[in-house]
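**Student:** turn this into a structure:
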Amino acid sequence: MPLHFLFLNKVGKIRISTGTDMVDKSTENRPLSEQELQDLVASSDAGARDPAGGVGMLLAIVAVVWSLFQVLLASPLANYVLPGDLINNSRQVHLAFAVFLAFMAYPAFKSSPRNYIPMFDWLLGLFGAFVALYGLFFYEKIVNAGGLADNMDKWFALAGLLILFEGARRALGPAMAIIATIFLAYVFFGSSDFVPDVIRWKGASLKKAMSHMWITSEGVFGIALGVSTKFVFLFVLFGALLDKAGAGNYFIKMAFGALGHLRGGPAKAAVVGSAATGLISGSSIANVVTTGTFTIPLMKRVGFSSEKAGAVEVASSVNGQIMPPVMGAAAFLMVEYVGISYVEVITAAFLPATISYIALVYIVHLEAIKNNMPTIGHREVKMARTVIGMFSFFAVFAGLCYGSQFPVNAVSAWVPSYAGLIMSLIVCAIYVGLLAFAATAPDLQPDDPNAEEVELPVISEIYKTGLYYLLPIVVLVYFLMIEQKSPGLSAFWATMLLFVILLTQRPLKAMFRGENDMANAVKQGIVDLTQGLIDGARNMIGIGLATATAGVIVGTVTLTGVGQVMANLVELLSGGNLILMLVMVGLLSLILGMGLPTTANYIVVSSLMAGVVVELGAQNGLIVPLIAVHLFVFYFGIMADVTPPVGLASFAAAAVSGGDAIKTGFVAFFYSLRTVALPFVFIFNTDLLLIDVTWYQGILVFITASIAILVFTAGTMGWFLTKSRFYESIALVLIAFVLFRPDFVMNRLQPPFAFVEPAGFTQALDDASVGDEFRLVVSGPDYDTGETKETTLVMPIASEGTSDDHLNAFGLLLLADGDAVNMDEPSFGSPFSSSLGSFDFYGDDPVTIASVQAPVHQQPKEIIFLPALLFLALIAFLQKARISKQGVPS
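**Tutor:** You can find the predicted model right below:
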């Protein structure tokens, strides 16, 4: 295959794009061909242009150079090989590649040429790359000026922003550029009379704004682009290489072999296959097309309508973005924004993502039962055996990841100086052994879902062909979870192993099989690696532009302080009601997501609203961990890929199934109700995020949450053991709520806190025991507005001591004033200094403790599970009796 064809697939008539192209209406209600589907993914994820000849070769080389630069940047050798200025300005280099390739790959308009690049696009691409590298070229001048722009800098910065917005318009659609332009306009015109008082600010000069947005690290070159540079690229490249090695087809085959024989088996295989693909893919559209071309036709064969088959694929593919470890790049952004470790982020995200997929498998099972769908193939395997087999596989895999630390520790203790080399040789030896095992079976070929006789893969025959694909994942998980290295370094070592696999798997298999075509095998391995590097780079174009453009919005928030204004506005509109406020934030995430890619949507909404939710939650007495808020925003943002009228994943699924795209989107949204409900649950019950729970509590939470999500699914689907009556569906949803929120019921039966007069607070502290948790409602004037406001502080008692000891530990100084207790400003750097930073401690009105809640003994909330489960058993008994009486099939 000529190298230039590796840059982009040839584009035919059919296109779906987040940019200027739309769905060709003449293709509605007919399935697209394989070539057309590849065109669809290319145009939406990597650009619709296919330059031939030397130009195509040049762009392929640029893409390869970008990937190799990012790999080298993440390597331990970066500080020895790359110049310091280049490392310090790596964000600029990252954006320069993204901007240049965006103008090369994405046509300006629907009518723009696709087989060659117009001169104007060359000029924009090259100048855009130059302006992106402005900070590198003039690094010394900018450093000497203290990071402030001069007159020349401001004009180059403005030109850079305009080119960035145009690149974002092409690659991501007009919404991203329009929203960023509105925020930038607010920077300049926010002081105008036509701006409402509630959001008016003093405005900024062109020099100050451009300095903030382009020269410093507060705007375009801020945290989001830094995360894209350091972490996201390596994980996207890792996924592209793993897929190029053949792991995607292997995962789909294994899922189909494990679940295809069950009722609704193709749909269940689609869910599990998409979950596995979601581990390595950040694109819901690519996920839909990759797994959907095989699973959707098979779902239709067993009785799913075109819309339902597409909706199952959409729901499972979009959910791939909430599945750790990649989470569509959001996991790495959360590390920076929330200020917790990567391990903590993916630990918090794991349980909601897992039970969401469990629910989706149950949804398709109920659909199959309700419609009495046939099975595929002739094998009869009990559902229980399948479930046990799958859980056993995941348990063994988790055990391998965890157990890998023991031989590593042994080798490190034995020969510490050569431990890294010895472990590398051991990993290579394991890889060669697994590859020799794989060579005993023929390579897996994609199946034809439209064949007259569909042969189910036999797990015992095919599992051996791809066991070595798990090795890079084990390496990645080991470095992330056991060694707790940075995500970038962890992905680097896993990617290095994939380099070895892509270069050697074909030649080594040929050798083990006694084949003589070694030269072609080596050549094909080099082509596979090259194409994997190009795929990784082209998949990063949109993400690089999205994170850079979103930096303008983040920069506006930091420059203007509009975040506090948003808090006041949301509080005004919601009337201080926390549930209503969360609904508004969810709707905002959903609406913005209709025009923004998931990563950009998350950056924008979290920058604007995360602090609002935390602050207003505290005012309502709810202490919401910041990670819960960020996951809340993220969950709603990904739903935009499902929801009409934009819903690109739904359009992609409809293109595969031949169904109606709008209907597919609505059905997919209905299937995704648990993804909408879960964020509201874990905001109020952070046990679901495994925050501050022991290992045995975590197991109990997993079991009860799994039961709860299955019961919720049964309630919303109208089918449990048989078709549910109306009141049974309502009861099932209520049972699910109680299982998710046992504290809601227990707190009403037995309140966990008792009110203490503020004057008695110090006495209550003297009587406190280790582990007690006090809640203080602090009231006082706002520093900016002077209006009285309240917030809630949580004060856990970590050690024995007097009231003075506990107060000093939190930097608090209390001043008694009759029955009232006033507060002095907490000491700098103390636990409450940031929470109370917006209060005016030096005004005429004092900051006081409005109320104190002291802990009281409460029965374990888990007791509430018992009546809920008994009620569930009663419904099961009634439905079972109805089945026996009426002969209704279950």
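**Student:** what residues does stretch 403-419 touch?
**Tutor:** Stretch 403-419 is contacted from outside by 422-423, 426, 474, 478, 482, using Cβ atoms under 8 Å, 6 or more residues apart in numbering. Heads up, the C-betas are built off the backbone N, CA and C, glycines and all.
**Student:** including distance to I182 and neighbour count, could these go into CSV?
**Tutor:** Compiled in CSV, the contacts of stretch 403-419 are given as follows (distance: Cβ to Cβ, whole Å; neighbours: other Cβ atoms under 10 Å):
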residue, distance to I182, neighbour count
I422, 57, 16
M423, 52, 16
I426, 56, 13
V474, 46, 18
Y478, 45, 22
I482, 46, 17
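**Student:** nearest to R725, of those residues?
**Tutor:** V474 (48.7 Å; Cβ to Cβ).
**Student:** is it true that S317 touches S274?
**Tutor:** Yes: between S317 and S274 there is a contact at 4.7 Å, judged by Cβ atoms under 8 Å.
**Student:** on that earlier part again, quick one: which of the contacts of stretch 403-419 is nearest D447?
**Tutor:** Checking those one by one against D447 (Cβ to Cβ), the nearest turns out to be V474, at 27.5 Å.
**Student:** contacting residues for the closest one?
**Tutor:** Applying Cβ under 8 Å, 6+ apart, we find V474 in contact with 397, 400-401, 404.
**Student:** check which helix or strand covers it.
**Tutor:** Using DSSP states H and E, V474 falls within helix 470-477.
**Student:** that helix: how far from the chain's middle?
**Tutor:** 20 Å (Cα atoms, centre = their mean, to the nearest Å).
**Student:** just the CA atoms of that helix, as PDB, please.
**Tutor:** The C-alpha trace of helix 470-477 is given here as PDB (Å, rounded to 0.1, in the frame of the first residue of the first chain):
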ATOM      1  CA  LEU A 470      -3.100  -8.500  26.900                       C
ATOM      2  CA  LEU A 471       0.600  -8.100  27.700                       C
ATOM      3  CA  PRO A 472       0.800  -4.300  26.800                       C
ATOM      4  CA  ILE A 473      -2.400  -3.700  28.800                       C
ATOM      5  CA  VAL A 474      -0.900  -5.600  31.800                       C
ATOM      6  CA  VAL A 475       2.300  -3.400  31.500                       C
ATOM      7  CA  LEU A 476       0.200  -0.300  31.300                       C
ATOM      8  CA  VAL A 477      -1.900  -1.200  34.400                       C
END
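**Student:** which parts of it are buried?
**Tutor:** For helix 470-477, a neighbour-count test (16 or more other Cβ atoms under 10 Å) marks 470-477 as buried.
**Student:** what distance do you get for D840 to G780?
**Tutor:** Using Cβ to Cβ, to the nearest Å, D840 is found at 7 Å from G780.
**Student:** err, V232, not the other one
**Tutor:** 42 Å.
**Student:** neighbour-wise, which of these two wins?
**Tutor:** The neighbour count for V232 versus G780, taken as other Cβ atoms under 10 Å, is higher for V232 (31 against 23).
**Student:** you'd agree G665 is up against A652?
**Tutor:** No: taking contacts as Cβ under 8 Å, G665 lies outside contact range of A652: 10.9 Å.
**Student:** overlap in contacts, the two.
**Tutor:** V314.
**Student:** which of those two has more residues huddled nearby?
**Tutor:** Per other Cβ under 10 Å, whichever of G665 and A652 has more neighbours is A652, with 32 against 27.
**Student:** check which helix or strand covers the more buried one.
**Tutor:** For A652, the enclosing helix or strand under DSSP H and E is helix 648-657.
**Student:** with T791 instead?
**Tutor:** strand 788-796.
**Student:** just the CA atoms of that strand, as PDB, please.
**Tutor:** Provided in PDB are the C-alpha atoms of strand 788-796 (Å, rounded to 0.1, in the frame of the first residue of the first chain):
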ATOM      1  CA  THR A 788     -24.700  37.800  53.800                       C
ATOM      2  CA  LYS A 789     -24.100  34.200  52.700                       C
ATOM      3  CA  GLU A 790     -23.600  30.800  54.200                       C
ATOM      4  CA  THR A 791     -21.400  27.800  53.700                       C
ATOM      5  CA  THR A 792     -21.000  24.400  55.400                       C
ATOM      6  CA  LEU A 793     -17.700  23.100  56.700                       C
ATOM      7  CA  VAL A 794     -16.900  19.500  57.700                       C
ATOM      8  CA  MET A 795     -14.600  19.200  60.600                       C
ATOM      9  CA  PRO A 796     -13.400  15.600  61.300                       C
END
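**Student:** packing partners for that strand?
**Tutor:** Judged by 3 or more Cβ pairs under 8 Å, 6 or more residues apart in numbering; DSSP states H and E, strand 788-796 is in contact with helix 611-619, strand 773-781.
**Student:** most tightly packed of those?
**Tutor:** helix 611-619 (a mean of 21; mean count of other Cβ atoms under 10 Å).
**Student:** the helix or strand following that one packs against which elements?
**Tutor:** Per DSSP H and E, helix 611-619 leads on to helix 626-638 as the next helix or strand towards the C-terminus. If you count contacts as 3+ Cβ pairs under 8 Å, 6+ apart, helix 626-638 packs onto helix 330-338, helix 342-370, helix 578-593, helix 598-605, helix 611-619, helix 673-684.
**Student:** ranges for the strands of this structure?
**Tutor:** Using DSSP state E, the strands of the chain run over 753-756, 773-781, 788-796, 814-817, 820-823, 847-855.
**Student:** could those be laid out in JSON lines, adding distance to I534?
**Tutor:** Output for these, formatted as JSON lines (distance: least, Cβ to Cβ, whole Å):
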{"stretch": "strand 753-756", "distance to I534": "59"}
{"stretch": "strand 773-781", "distance to I534": "54"}
{"stretch": "strand 788-796", "distance to I534": "51"}
{"stretch": "strand 814-817", "distance to I534": "64"}
{"stretch": "strand 820-823", "distance to I534": "60"}
{"stretch": "strand 847-855", "distance to I534": "59"}
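**Student:** out of the helices and strands packed on strand 788-796, which gets the lowest mean score?
**Tutor:** Averaged per stretch, pLDDT over the helices and strands packed on strand 788-796 is lowest on helix 611-619, reaching a mean of 77.
**Student:** now the angle from that one to helix 626-638?
**Tutor:** With axes from the mean of the first three to the mean of the last three Cα atoms, to 10 degrees applied, the angle from helix 611-619 to helix 626-638 works out at 130 degrees.
**Student:** contacts for helix 611-619?
**Tutor:** Helix 611-619 is contacted from outside by 563, 566-567, 570-571, 574, 576, 578, 581-582, 585, 623-624, 626, 629, 632, 683, 789-793, 835, using Cβ under 8 Å, 6+ apart.
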